[in-house]
Structures are given as structure tokens and as C-alpha cells.
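[1] predicted model, plus sequence, below.
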Amino acid sequence: MAQCYANADDLGKGRQMPVHYGCKERNFVTISSPLATQIPQATGAAYALKRENTNRAVICYFGEGAASEGDAHAGFNFSATLECPLIFFCRNNGYAISTPTNEQYRGDGIGKPEWGFC
């Protein structure tokens with residue numbers, strides 16, 4: 001609430017948009033407003049964990065609209081080639097403001113085993 005009211009108790013000190021919560025102590029990174037920017041950011045964080053040789057992983061949530069952005073493909077490629085400990089979690093938000101799946105992807109938008117990336 002302190003963030004929404006922009007008062008002195010805001011832990012982000014006004015450096016984040018409302019409802020962009022984060023917590024350094026719990027390793028919870030704030031979300032990014034621009035579409036798909038969190039994907040390469042998550043890849044970088046996962047690569048850092050790999051280099052530190054920790055037994056930790058990163059999970060990155062995004063909607064299907066973000067999967068059509070160049071940042072997503074760059075993040076997927078870096079994550080695969082660097083073998084990062086990263087889980088990509090794509091949610092279908094088609095009921096909201098997203099472009100309908102049939103206009104965004106060829107086919108139904110669901111990966112098939114014969115495509116080689118399931």
C-alpha cells in the first residue's frame with residue numbers, strides 16, 4: 001500500500017511503477033512493464049547462478065504475446081546455448097488484451113514433438 005500511495009514507507013522509494021513488487025531478501029525481482037524484457041533478464045540471472053555453481057534455478061513467467069517478441073527469442077537462444085538453469089513458464093492470456101492465438105502463431109500455437117523443441 002505504501003507503494004500505491006507513494007509515501008515514505010515505500011521500500012522501492014518511488015523507483016518502480018505501482019504493483020511492480022520485489023524483495024531483495026527473498027530473491028524476488030520486480031516485473032518489467034515492456035513486453036518480454038524479463039526473458040533475457042531471467043536468462044542472465046540463470047547464467048550467473050550457473051557460473052556461481054549454486055544449486056538454484058530461475059523461473060520466468062510471461063504471456064503468449066511476449067513469446068512473439070525478439071527479446072523472447074534472444075533469451076530462449078541464450079538460455080539453450082549456455083545451458084542455463086531456467087524454467088520458462090508461458091501463460092495463455094488470450095482472454096485478455098492479447099492478439100488471438102490464431103493470428104499470432106501458425107497452427108494452434110502449441111509445440112509438437114516433431115518440431116524438436118518440446
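    It's in.
[2] the longest helix in the chain is where?
    Criterion DSSP state H: the longest helix present in the chain is helix 38-52.
[3] which neighbouring elements make contact with that one?
    Contacts defined by 3 or more CB pairs under 8 Å, 6 or more residues apart in numbering; DSSP states H and E place helix 38-52 against strand 58-63, helix 70-82, strand 86-91. Bear in mind the C-beta positions are built from the backbone N, C-alpha and C, glycine included.
[4] show me the domain layout of the chain.
    Segmentation of the chain into domains, based on automatic domain parsing, reads 1-31, 32-115.
[5] one step back: return the set of buried residues in the longest helix of the chain.
    By 16 or more other CB atoms under 10 Å, the buried positions in helix 38-52 come out as 38-47, 49-50.
[6] before we move on, the earlier item: out of the helices and strands packed on helix 38-52, which one sits most buried?
    Highest mean neighbour count of these: strand 58-63, a mean of 18 (counted as mean count of other CB atoms under 10 Å).
[7] what strands line up against that one, and which way round?
    With DSSP bridges as the test, strand 58-63 is paired with strand 86-91 (parallel).
[8] which residues sit against the strand it pairs with?
    Applying CB atoms under 8 Å, 6 or more residues apart in numbering, the contact partners of strand 86-91 are 39, 42-43, 46, 57-64, 66-67, 76, 79.
[9] let's see it at 10 Å
    39, 42-47, 49-50, 57-67, 72, 75-76, 78-80, 109, 111 (CB atoms under 10 Å, 6 or more residues apart in numbering).
[10] then stretch 25-37?
    Contacts of stretch 25-37 (CB under 10 Å, 6+ apart): 12, 15-17, 19-23, 38-39, 41-42, 45, 56, 58, 60-63, 65-75.
[11] mind showing which ranges of the chain have poor pLDDT?
    Within the chain, the stretches with pLDDT under 70 are 93-118.
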